[in-house]
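Novice: only geometry, no sequence info:
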């Protein structure tokens with residue numbers, strides 16, 4: 001299965017979209033199974049001519065004999081998820097940065113986004129893109145689509161709280177700094193980020209570890225650089241979010257890739 005990841009070309013899109021990847025159908029493809037891990041992106045996918053079976057922590061993709069476009073929207077990925085492609089398919093997947101997707105759809109909370117996506121022309125445009133054989137044209141079509149949908153919004157408090165989540169401040173201090181209650185901090189997190197503040201911060205710390213592990217000499221250093229209490233805290237979170245220890249994870253996963261997957 002050929003998977004190619006791209007970062008946005010247009011500078012405005014870079015503010016809101018982390019990147020996107022294309023999967024190309026290949027009749028010589030063998031079944032592929034891998035684990036993907038929790039993150040804080042909002043992820044929207046379009047797959048061509050497939051049937052999808054899914055449950056918590058598990059997704060199976062098969063080719064369908066009938067023509068269709070399957071749309072998948074993930075706003076809360078909190079557990080390791082096993083992905084199983086029985087056959088390769090044509091697919092495009094977009095990763096939106098936290099809060100980024102709200103600038104493209106007329107929704108002001110995560111519960112409304114799925115309906116907005118399905119009511120929009122997203123499915124039709126993705127179908128056209130997946131039927132286009134030229135990758136350069138596909139990318140132009142994709143970026144032109146998002147630029148046509150862009151309506152930059154003022155989400156000042158949500159962005160301020162998001163920035164505060166990256167600091168050592170406790171939820172209580174974040175609330176005090178922004179003159180709101182702890183409960184309201186969690187309400188903002190649930191409304192816009194799709195998860196409680198504590199869960200968002202745990203996943204964010206984990207993702208920072210994946211980026212910085214090559215620069216740190218050991219787990220103790222890695223722990224303190226990424227706002228964990230100590231090495232035991234890092235190991236506990238890591239096992240919860242990946243099902244394996246940090247050492248085994250870094251032995252088997254190439255964290256320099258854009259898609260951090262563990263093939264099984």
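Specialist: Sure thing, it's come through. Model, not experiment: these values are computed from the prediction.
Novice: Leaving aside the residues adjacent along the chain, what's closest to residue 66?
Specialist: Of all residues beyond its chain neighbours, the one nearest residue 66 is residue 49 (7.3 Å), with distances taken as CB to CB, 6 or more residues apart in numbering. Just so you know, the C-beta spots here come from the backbone N, C-alpha and C atoms, and that holds for glycine as well.
Novice: got it, and residue 210?
Specialist: Among residues not flanking residue 210 along the chain, residue 255 sits closest, at 4.7 Å (CB to CB, 6+ apart).
Novice: can I assume the one you found is in contact with residue 213?
Specialist: Yes: using CB atoms under 8 Å, residue 255 makes contact with residue 213 at a distance of 6.1 Å.
Novice: Counting neighbours, go ahead and name the busier of the two.
Specialist: In this view residue 255 and residue 213 are compared by other CB atoms under 10 Å, and residue 213 has more residues nearby, 18 against 13.
Novice: related to what we said a few turns ago, could you list every residue that touches the residue nearest to residue 66?
Specialist: Contacts for residue 49 (CB atoms under 8 Å, 6 or more residues apart in numbering) come out as 63-64, 66-68, 89-90.
Novice: So which of the residues you listed is the closest to residue 134?
Specialist: If you rank the contacts of residue 49 by distance to residue 134 using CB to CB, residue 90 comes first, at 13.5 Å.
Novice: Is the closest one in contact with residue 24, as I believe?
Specialist: Yes: taking CB under 8 Å as the definition, residue 90 is a contact partner of residue 24 at 6.5 Å.
Novice: Look at those two and report which has more neighbours.
Specialist: residue 90 (19 against 15).
Novice: Great, nothing more from me.
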